[in-house]
Structures are given as structure tokens and as C-alpha cells.
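Visitor: sequence-free structure coming up:
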């Protein structure tokens, strides 16, 4: 630690506690509406670009209070929120909405470097190799550095030589600088040229740091936002005689990975040790997407000092935590919105797996383990929200089991009709102690499942339509193989997660069309 600094602290493990964006004196609380962009690597990245385009084209983005994003969805949502590139407007950044008849093969080949979709066409394998080869990059920062180089650097948001922190806007930056003059001009603020919803990005805190086999039972959802980083619920995690207490609130991003805060108040300004290196957007998107694998050294995942927000004399016996992909615990970012009392939300599920029309939703799917079977019937992250037994997601029940069949049946019926695979349902939120969720309120959810849409496909020009049909066949081939369910890794030979410009553009066009075509329904949900 270099020197003390002054930070706002929010303690949220108590009744009636307020989140940073709802209690900061320089901030107008966002509306209680939101959109969720699921994880899913560059597949979800490209789809999220299209969804943002559609929300902007239809004028719905102004009704959105929160963007909640995981992994690949966060790769797109973060540069959208903090953009510092050459585009002068959202139309230049997101690309133009097009009806399927006007989509041409020649235009699909082109993505300008200032457009958000461009990053998904870059060579991530190369970025990862460069990060691994750099002597100054420690193992726990290799992944984040590569992700930052891939998805943030094209848009003016990743500069390893001059790392910058982040906050919400100019007003919150000035307020921080007044308390901490030594930080002046070191914080990024959200793009000010048009409305930006409040961004939530999610990762998973895993305990104990050196024992991945024990992680599934002791995983905690973790949040990064412009005003605060942390997790709302308080947890005591144990491994033998070692314990760690985490959570219970939020600290401002510029002090995360620094010294322990101390506060007995719901909202307070306290003094903490300033971290040796300021926490950046690159660190955030890296943690949100650090996928786990059995053969991976735990030291290669992102690490940070993470203290509980508490006035206890002995808050923890160990503070160094390991962070991995937000999809390791909840791949939509929906539960943190429910915890905030959001009343209307659109959940964009950009899944690897098509929704099976012959699946019976009156029984739980049998393939919820994350060793993906080839015959998976639907996205595995959905059923646990309704209480489906799952060793991977044992704490995620937030809705009644009785609500589940209506959600799946509604999605299946839309797919049978060849329309956007979406349905709108209303649920009473159930309490969930693990997530710090106090239930009892109603929420209206529009579930949008990224799947084939025959009505859109059949309006494409004949040549493109034939290519999409070829990619959706039982043995998918061609430039759009598996469209829109591109593989999370290895979609294209010799490329780790890289997509072609036509693959990115076509998926973004479909995703935008899904939003614009259903704008009236979405307007009601986001009303």
C-alpha cells in the first residue's frame, strides 16, 4: 500500500440497506428496469452488439435503468458504457439496423475498427501469447491483459503503461478527487454523448483459492459497477481451520484490492490503504470471463485482496481471493437485479444450445452438469433459477418451480411459429439467503432466447438464406455453421474464439431485428 485514501463504503448485509447507485449524493438513482446480457464468449459479444443496436434504434435504451452482463456479454457492455474511441454517435458505434431483405453478403464482410463488433474479429490467441510472453505480467494477470487487449484497446480503454480506474460520471469523479487529490485525472467516466444505463458486471469469488475441487460449494457472486465493487450478502467460507469472511457491501472501485474498510454504518466515508495498482476496466472484464478448467493452475486466475465491509475487529483470517467467470455461478446477471428490486427486466440468453421443441418442461432437464452432453435440451443456467437440482448451481432458486413450465412452453411455442424465441412471464421473487435476496415483490421478465428465427431467415436474400440453412442443418457446414449458436471456443479452424466479420455482422443483425420487431412488448416490460 502506498498511502491512505478516502472511500465511500456501503454495507448491504442488513435490512433496508441501499446500493451505491441508489444512495450516492451525486447520482440520480436509475429506474428499476434492466437488461441482462448472458455469457457466451464472442457469440454473446456479437449478439449483445445487436441487442444494443436494437434497443437504441427502437428508443428503448432510455427506459433501461441497468445493464447486467457476464463474460462475453460484459466484453461488449463495458466498451459500450465507457467508449473512448473514434465513433461520434451510437449509430457509428453499434452499426445500422437493417431489415433482413437489405442485408447483403458484401456488406457483411465489413466492420470498421471504431465499431463495437470489430473486437470479436481479432486474434485472441495472439493477444494471449503476447500476455504470456511478457516478463512484467504475473500469471494471475495474463488472462485479463489478453482480454483487455482484445476487447477494450480498440476503443481507447486499455493502456497497460498508464492504467486508469473508473467511476460513473464527471460529478462522481470530482467528488472522489476532492477527497483524494492524489488521484486527479486517473478515473474514466461513462460515455457522455448519449444515455448509458448503470452497468453491473459479474464474476465468481471462489474459496479456498488453492483448492478448485472445493469451489462449487463455496462460490459467491461478485459485482463490479461504476460506483462500487463487492458482494451484497455476507459469507463465512471455511477450509479446515482456515476461514475467510467476505462480502456484506461495496467499496469504490479505485480502492478495490487495497486495505480493509471499517464501517458500522450503512453508508459511510472511511479511510483505507490505497492499492499498489488501481483497479481497471481490464481487470473487471478479465475476471468476469476467466473460465475454469480442471487442468488449470489456480495461480493463473485473477486474484485480489477482498475484505468484508464490517466494523469487526477481526474481519478475516485470509483476504486474498481468486475470481473466475461469472457463469460459474449465474450466467445471466439476473439475481443481482432482483436483489435491487427491479420490476421489469429483459434477459437475453445467448446460448450454445438450441431449445429442443420435444423437451417436456413439466420435468427438470437431465443435463444440468457443466460437462456438456451433445444432446443438451436447453441452456443449463435457466432451470436452476426455478429450483432444479444442480450440483453446479445449488443456491440459485429465486422463482417458484410452478412457474417453470410456462416459461419453457412460451419459448417453444414462439420457436414453432418461426418468430423471435421470447416469452413474457411475471413471477413473485423468492427470498434467497445465499444471494442476500429479500423476496416478496413481483417482477415481469421477458426471456429472449438466442435461437433460429425462421421468419427472419426466410426474408434474407436467396444466397444468404441458403448459407444460413446450410449452417442450421443436422450436419452444419459453411460460413455460418451452427448459426446463431456459434461455438464458445473453436468456431473457426485455427482460431480460439475469433469470429469472421460476416459471422459477427449476421448475428448482430438478427439480434437487432429481434428487439426492433418486438419493441412494443419490450416497451411494456421496461415501462
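Guide: Arrived safely. Predicted, not measured: the structure shown is a model, and the values here were computed from it.

Visitor: Poorly predicted segments of the stretch 101-250 of the chain, please.
Guide: Of all residues in the stretch 101-250 of the chain, none has pLDDT under 70.

Visitor: Now residue 439: closest residue in space that isn't a chain neighbour?
Guide: If the residues on either side of it in the chain are set aside, residue 439 comes closest to residue 431, at 3.9 Å by C-beta to C-beta, 6 or more residues apart in numbering. Heads up, the C-betas are built off the backbone N, CA and C, glycines and all.

Visitor: swap in residue 394?
Guide: Closest to residue 394 by C-beta to C-beta, 6+ apart is residue 217, at 7.1 Å.

Visitor: Equivalent analysis for residue 211, please.
Guide: residue 239 (6.5 Å).

Visitor: Pretty sure that neighbour sits against residue 214.
Guide: Yes: under the criterion of C-beta atoms under 8 Å, residue 239 makes contact with residue 214 at 6.5 Å.

Visitor: Against residue 64, how distant is residue 526?
Guide: Relative to residue 64, residue 526 is positioned 6 Å away (C-beta to C-beta, to the nearest Å).

Visitor: For residue 291, grab the count of nearby residues.
Guide: Per other C-beta atoms under 10 Å, the neighbour tally for residue 291 reads 16.

Visitor: what does the domain assignment say about the chain?
Guide: The chain breaks down into these domains under automatic domain parsing: 4-40+120-190+200-328, 351-449.

Visitor: So for residue 97, which of these sits nearest?
Guide: domain 351-449 (14.6 Å; C-beta to C-beta).

Visitor: How far away from the center of its chain is that closest one?
Guide: 18 Å (C-alpha atoms, centre = their mean, to the nearest Å).

Visitor: same thing with stretch 25-38?
Guide: 14 Å.

Visitor: Chain neighbours aside, what residue packs nearest to residue 43?
Guide: residue 486 (4.2 Å).

Visitor: I figured the one you found hits residue 45, correct?
Guide: No: in this structure, residue 486 is not within contact of residue 45 by C-beta under 8 Å, at 10.1 Å.

Visitor: Now the common contact residues for residue 239 and residue 214.
Guide: Common contacts of residue 239 and residue 214, defined by C-beta atoms under 8 Å, 6 or more residues apart in numbering, comprise 207, 208.

Visitor: Need the residues touching each of residue 526 and residue 64.
Guide: residue 33.

Visitor: Pick the most buried one from the domains of the chain.
Guide: Compared across those, domain 4-40+120-190+200-328 shows the largest average neighbour count, a mean of 20 (mean count of other C-beta atoms under 10 Å).

Visitor: start to end distance for that one?
Guide: Terminal residues of domain 4-40+120-190+200-328 are spaced 34 Å apart (C-alpha to C-alpha, to the nearest Å).

Visitor: Stretch 258-269 now?
Guide: The first and last residues of stretch 258-269 sit 15 Å apart, counting by C-alpha to C-alpha.

Visitor: Which positions within stretch 466-481 qualify as buried?
Guide: Buried positions in stretch 466-481, judged by neighbour count with 16 or more other C-beta atoms under 10 Å: 467, 468, 469, 470, 471, 472, 479, 480, 481.

Visitor: The first one: what secondary structure?
Guide: Reducing the assignment at residue 467 to three states with DSSP: H, G, I helix; E, B strand; the rest coil gives helix.

Visitor: same deal with residue 27?
Guide: coil.

Visitor: before we move on, the earlier item: check contacts around the residue nearest to residue 439.
Guide: Applying C-beta under 8 Å, 6+ apart, the residues near residue 431 are 437, 438, 439, 440.

Visitor: Just put these in JSON lines and tack on secondary structure.
Guide: Output for these, formatted as JSON lines (three-state DSSP):
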{"residue": "437", "secondary structure": "strand"}
{"residue": "438", "secondary structure": "coil"}
{"residue": "439", "secondary structure": "coil"}
{"residue": "440", "secondary structure": "coil"}
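
Visitor: where in the stretch 251-400 of the chain is pLDDT low?
Guide: Applying pLDDT under 70 to the stretch 251-400 of the chain picks out residues 262-266, 310-318, 367-374.

Visitor: And the helices in it?
Guide: Using DSSP state H, counting those that start in this stretch, the helices found in the stretch 251-400 of the chain span residues 281-288, 334-339.

Visitor: Adding distance to residue 454, write those out as JSON lines.
Guide: Shown next, in JSON lines, are the helices of the stretch 251-400 of the chain (distance: least, C-beta to C-beta, whole Å):
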{"stretch": "helix 281-288", "distance to residue 454": "33"}
{"stretch": "helix 334-339", "distance to residue 454": "28"}
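
Visitor: and of those helices, who's closest to residue 172?
Guide: Residue 172 sits nearest to helix 281-288 of all these, at 15.5 Å, using C-beta to C-beta.

Visitor: Check which helices and strands that closest one is in contact with.
Guide: Where contact means 3 or more C-beta pairs under 8 Å, 6 or more residues apart in numbering; DSSP states H and E, helix 281-288 is packed against helix 72-82, helix 142-151, strand 198-206, strand 219-224, strand 320-325.

Visitor: Any idea how far the first one is from the middle of the chain?
Guide: Spelled out, that is helix 72-82. With C-alpha atoms, centre = their mean, you get 8 Å for helix 72-82.

Visitor: ok and it relative to strand 198-206, angle-wise?
Guide: Helix 72-82 runs at 140 degrees relative to strand 198-206, counting by axes from the mean of the first three to the mean of the last three C-alpha atoms, to 10 degrees.

Visitor: Begin at 54 from now on, thanks
Guide: All right, first residue 54 from here; so that's helix 125-135.

Visitor: Helix 125-135: what's the following helix or strand?
Guide: For helix 125-135, the following helix or strand on the C-terminal side (DSSP states H and E) is helix 143-147.

Visitor: Off-centre distance for that next one?
Guide: 21 Å.

Visitor: residues of it that come out buried?
Guide: Buried residues in helix 143-147, defined by neighbour count with 16+ other C-beta under 10 Å: 143, 146, 147.

Visitor: Done for today, thanks.
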